[in-house]
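Enquirer: compute the structure for the input listed below.
(one chain, ligands or ions: 2)
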Amino acid sequence: MTAVDPARAAVAMDDLLAVMTPADFEDIRAAWTVAAPAHLDQLDAAAAEALRAMRAYGNAHGVAERWTAVDGTPAWVRLGLLDTLAAWYAGRAATCRHIPDPRRPEPVFAAAWRPRLVACKACYPTLFRLGGDADWTCDGCGRVDRERGSGARVALGPFTFLFGICRGCRGDLPVPGVTGSSQTSREDRS
Ligand SMILES: [Zn+2]
Ligand SMILES: [Zn+2]
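Expert: Ligands and ions are numbered 1, 2, ... in the order given. From the prediction side, this is the model:
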């Protein structure tokens, strides 16, 4: 296998996702159904578990889940997610001690403030814990927003990406306590 540059792969994937249609995704699924049905089943199960966890977070914080088009998520969130995802697939990401592997689908987590680190569901609360100002820093603009900033998360299949976001960068993304918005949900800060 030739060496992959995760940063370039992330940009390429972002461009690709922007132009793919639902029919394209169905075609890819159909190909996988033939080529690797067991893997696809595992991937679906892991994605369903990640979605249940996302819903639980949303319910706990009064934010409804919402499915968004790729461009409904800020570019810095998309590229951060895809960079770590590409690095992980290329074998160039650090992992928790359980060594999650893309060839064995399971719900995994990454965070904007720890690029190219992938953790399993047991390890991520510890590995991605922050304290003090870092806990309130927006990963988009670097602003520390103790009053209106919040943690958020977005999931792509079984891969959940955590980030901090200030009110300015949040735009019309959901505010904790307001129902009816996006796939992001407020992170538990306690
Ligand atoms: Zn782990
Ligand atoms: Zn910001």
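
Enquirer: tell me the SS of Ala110?
Expert: Secondary structure state of Ala110, per DSSP: H, G, I helix; E, B strand; the rest coil, is strand.

Enquirer: show me what the spatially most central residue of the chain is bridged to.
Expert: Against the mean C-alpha coordinate of the chain, by CA atoms, centre = their mean, the closest residue is Phe161 at 2.6 Å. The partner list for Phe161 in beta bridges (DSSP bridges) reads Ala110, Val154.

Enquirer: for the longest helix belonging to the chain, buried residues please.
Expert: Longest helix in the chain by number of residues (criterion: DSSP state H): helix 37-60. Neighbour counts over helix 37-60 (16 or more other CB atoms under 10 Å) mark 40, 42-43, 46-47, 50-51, 53-54, 57-58 as buried. The way it works is simple: take the backbone N, C-alpha and C, and place the C-beta from them, glycine included.

Enquirer: who touches the residue nearest to the centre of the chain in this structure?
Expert: By CB atoms under 8 Å, 6 or more residues apart in numbering, the residues touching Phe161 are 77, 80-81, 84, 109-112, 153-155.

Enquirer: need the contact list for the residue of the chain most remote from its centre.
Expert: Here the centre of the chain is the reference, and by CA atoms, centre = their mean the most remote residue is Val34, at 27.4 Å. Applying CB under 8 Å, 6+ apart to Val34 gives no contacts.

Enquirer: appreciated, that's everything.
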